[in-house]
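Peer 1: Next one to model:
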Amino acid sequence: MESKVDVAIIGAGIAGTSIAYALADRGAKTAIFDKRSFGAGNSGKSSGLVRHFYSTELAMKMTKLARETWSNFASKIGEPLAFYRNRMVVLPREEMRDGIEKVAVYMKKNRLKCSFLTRSSLRKALPGSVLDDVSFGFLDAEAGYVSDPLLAVTTLGRVAQRLGAHYHPFTKVTGIDVADGRVRGVITDKGRVEANCVVNAAGSGARELGKVIGIDLPISSERQQIVVVKPTKKMSATYPTVIDYIKNIYVRPEISGSVIIGSGERGVPANPDNFNEGAENGSVELLMRLGAERFQFLKHARILRAYAGLYDVTPDDYPIIGELESVKGFVNACGFSHGFKLGPAVGKVVSELILDRDYQSIDLTPLKFERFERHELIKPFLGKSGGGTG
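Peer 2: You can find the predicted model right below:
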């Protein structure tokens with residue numbers, strides 16, 4: 001194990017590998033530590049949605065910046081990755097109309113293509129759907145999905161290594177060396193590594209890592225069930241992703257012709273070190289029923305697999321990003337409830353903060369940990385959790 005690096009990153013999910021790649025690409029000596037391996041936590045179980053339909057302008061800017069990488073992965077990263085621009089259709093409740101009109105204003109301001117859809121337009125966009133309870137829809141015309149999120153994480157990690165980053169899987173960080181209010185290094189179960197900066201990208205373990213230096217990050221874990229089914233009619237890989245606020249589900253195609261169904265409800269509180277990562281019959285049955293109510297081709301669908309992952313949730317449902325004011329050199333990049341799609345943007349912007357000492361692409365100052373102490377929480381257009389799921 002190397003004795004000294006510029007930046008020690010704790011966590012090898014989408015945030016950690018994206019930051020490692022961005023830092024290594026700029027020549028910083030970087031090390032990634034994870035108690036398991038690339039994408040073994042929440043990132044590898046993501047549905048891979050890449051959308052711009054969010055209820056704050058800040059999130060829209062982040063997803064737009066990230067999508068530039070996802071849709072041009074081979075040219076930007078140097079490795080192939082399948083990204084499908086299939087669009088996304090939102091089926092809102094009627095009382096959400098005013099909020100979605102605000103979303104549309106800010107999407108257009110940021111040159112993100114979107115439009116409202118009549119029920120007639122919805123039927124054309126979503127063949128095989130049942131829309132009797134839907135009064136209008138909303139189209140995120142540039143949305144898409146990464147077909148293999150785990151491959152995305154491992155590819156970013158592998159390219160970061162090629163650029164010089166060190167990777168330490170199955171290595172547990174047991175302490176953070178802090179002196180005179182500044183990070184000095186990390187202590188692992190395999191030894192100490194000196195570092196001027198430590199990035200907390202530990203996903204569901206981020207809160208425990210914060211406690212090591214005496215801060216309590218307000219992050220909790222919620223279990224979310226996902227089921228993958230084989231529909232009665234093969235679904236095109238470019239069929240639109242659907243976020244359904246009426247049924248509280250989301251649905252997206254897979255390149256194999258199967259369909260992912262996930263929940264739009266708040267998850268069940270869970271212990272990240274001990275939760276059911278498989279199927280819970282009640283949850284799976286509910287998703288199957290709701291999917292069949294919305295889409296005719298899901299009425300007699302066959303279950304292929306079911307699994308569960310965790311959302312890392314903060315009080316305002318937005319991530320914690322930025323350097324701690326109380327401990328210089330300790331940078332948070334955690335608390336992502338829907339963080340996969342943001343990965344490349346987080347990597348770029350956090351690398352700017354570390355190397356340039358300021359944000360260059362997008363100012364993420366509002367996402368600092370201290371916002372909770374100052375009661376300056378993020379306020380979305382659609383209310384808490386109003387930006388959709390996936």
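
Peer 1: CA only for contacts and neighbour counts going forward, please
Peer 2: Will do.

Peer 1: So which bits of stretch 266-275 are buried?
Peer 2: 267, 270, 272 (16 or more other Cα atoms under 10 Å).

Peer 1: Mind putting these into CSV with distance to Lys76?
Peer 2: Shown next, in CSV, are those (distance: Cα to Cα, whole Å):
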residue, distance to Lys76
Gly267, 35
Ala270, 37
Pro272, 33
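
Peer 1: For Lys234, list the residues it contacts.
Peer 2: 257-258 (Cα atoms under 8 Å, 6 or more residues apart in numbering).

Peer 1: just Val198 next, same as before
Peer 2: Val198 neighbours (Cα under 8 Å, 6+ apart): 7-10, 183, 185-186, 329-331.

Peer 1: Recalculate using a threshold of 6 Å.
Peer 2: Residues near Val198 by Cα atoms under 6 Å, 6 or more residues apart in numbering: 7-9, 330.

Peer 1: what helix or strand is it on?
Peer 2: If you go by DSSP states H and E, Val198 is part of strand 191-200.

Peer 1: What residues sit buried inside that strand?
Peer 2: Buried residues in strand 191-200 (16+ other Cα under 10 Å): 192-200.

Peer 1: quick one: which of the residues you listed is nearest Val284?
Peer 2: Asn200 (33.2 Å; Cα to Cα).

Peer 1: Would you agree the closest one is in contact with Ile10?
Peer 2: Yes: the pair Asn200 / Ile10 is scored as a contact, 5.4 Å apart, by Cα atoms under 6 Å.

Peer 1: all helices of the stretch 151-300 of the chain, in order?
Peer 2: When secondary structure is read from DSSP state H, counting those that start in this stretch, the stretch 151-300 of the chain shows helices at 206-212, 281-294.

Peer 1: Can you name the residues in contact with the last one?
Peer 2: Residues from elsewhere that reach helix 281-294, judged by Cα under 6 Å, 6+ apart: 129-130, 298-299.

Peer 1: Need those in a markdown table (columns: pLDDT and neighbour count).
Peer 2: Shown next, in a markdown table, are the contacts of helix 281-294 (pLDDT from 0 to 100; neighbours: other Cα atoms under 10 Å):
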| residue | pLDDT | neighbour count |
| --- | --- | --- |
| Ser129 | 97 | 18 |
| Val130 | 97 | 15 |
| Leu298 | 97 | 22 |
| Lys299 | 95 | 16 |
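
Peer 1: for those residues, which one is nearest Leu156?
Peer 2: Checking the contacts of helix 281-294 against Leu156 with Cα to Cα, the nearest one is Leu298 at 34.8 Å.

Peer 1: Now do the contacts for the closest one.
Peer 2: With Cα under 6 Å, 6+ apart, Leu298 has these contacts: 231, 292.

Peer 1: Nearest to Arg93 among the buried residues of strand 191-200?
Peer 2: Nearest to Arg93 among those: Asn200, at 37.2 Å, using Cα to Cα.

Peer 1: Please name the spatially closest residue to the closest one (chain neighbours excluded).
Peer 2: Using Cα to Cα, 6 or more residues apart in numbering and skipping the chain neighbours, the partner closest in space to Asn200 is Asn332 (4.8 Å).

Peer 1: Please report the distance of the most centrally placed residue in the chain from Lys328.
Peer 2: Closest residue to the average C-alpha location of the chain: Gly339 at 1.6 Å, with Cα atoms, centre = their mean. Applying Cα to Cα, to the nearest Å, the value for Gly339 to Lys328 is 25 Å.

Peer 1: Can you get me the start-to-end distance on stretch 131-139?
Peer 2: Start-to-end, stretch 131-139 (Cα to Cα) is 15 Å.

Peer 1: Can you give the distance from it to the centre of its chain?
Peer 2: Centroid displacement of stretch 131-139 relative to its chain, using Cα atoms, centre = their mean, to the nearest Å, is 26 Å.

Peer 1: Report the buried residues of that stretch.
Peer 2: 131, 134, 136-139.

Peer 1: what do you get for stretch 19-35?
Peer 2: 19-25, 28-35.

Peer 1: Quick one: mean pLDDT over the strand or helix carrying Lys124.
Peer 2: Taking DSSP H and E as the criterion, Lys124 maps to helix 119-125. In this model, helix 119-125 has an average pLDDT of 96.

Peer 1: one step back: mind checking the helices of the stretch 151-300 of the chain for the one nearest to Trp70?
Peer 2: helix 206-212 (25.4 Å).

Peer 1: Residues in contact with that closest one: which ones?
Peer 2: With contact meaning Cα under 6 Å, 6+ apart, helix 206-212 is reached by Leu217.

Peer 1: per-residue confidence averaged over the strand holding Val198?
Peer 2: 97.

Peer 1: cool, stretch 251-269 as well?
Peer 2: The average pLDDT for stretch 251-269 rounds to 90.

Peer 1: ditto for stretch 26-33
Peer 2: For stretch 26-33, the per-residue pLDDT averages 98.

Peer 1: what's in contact with that stretch?
Peer 2: For stretch 26-33, contacts defined as Cα under 6 Å, 6+ apart pick out 5-11, 165-168.

Peer 1: Also stretch 316-329?
Peer 2: Contacts of stretch 316-329 (Cα under 6 Å, 6+ apart): 181-183, 197, 330-336, 367-369, 378.

Peer 1: ok, so of those, who is nearest Gly347?
Peer 2: Among the contacts of stretch 316-329, and counting by Cα to Cα, the member closest to Gly347 is Ala333, at 9.2 Å.

Peer 1: The closest residue to that closest one other than its chain neighbours: what secondary structure?
Peer 2: Leaving out its chain neighbours, the residue that sits closest to Ala333 by Cα to Cα, 6+ apart is Ile321, at 4.6 Å. Here Ile321 takes the strand state, with states given by DSSP: H, G, I helix; E, B strand; the rest coil.

Peer 1: Against Lys109, how distant is Gly44?
Peer 2: 33 Å.

Peer 1: higher neighbour count, those two?
Peer 2: Gly44 (21 against 11; other Cα atoms under 10 Å).

Peer 1: I'd guessed that one sits against Leu151; true?
Peer 2: No: at 8.1 Å, Gly44 does not count as touching Leu151 under the criterion of Cα under 6 Å.
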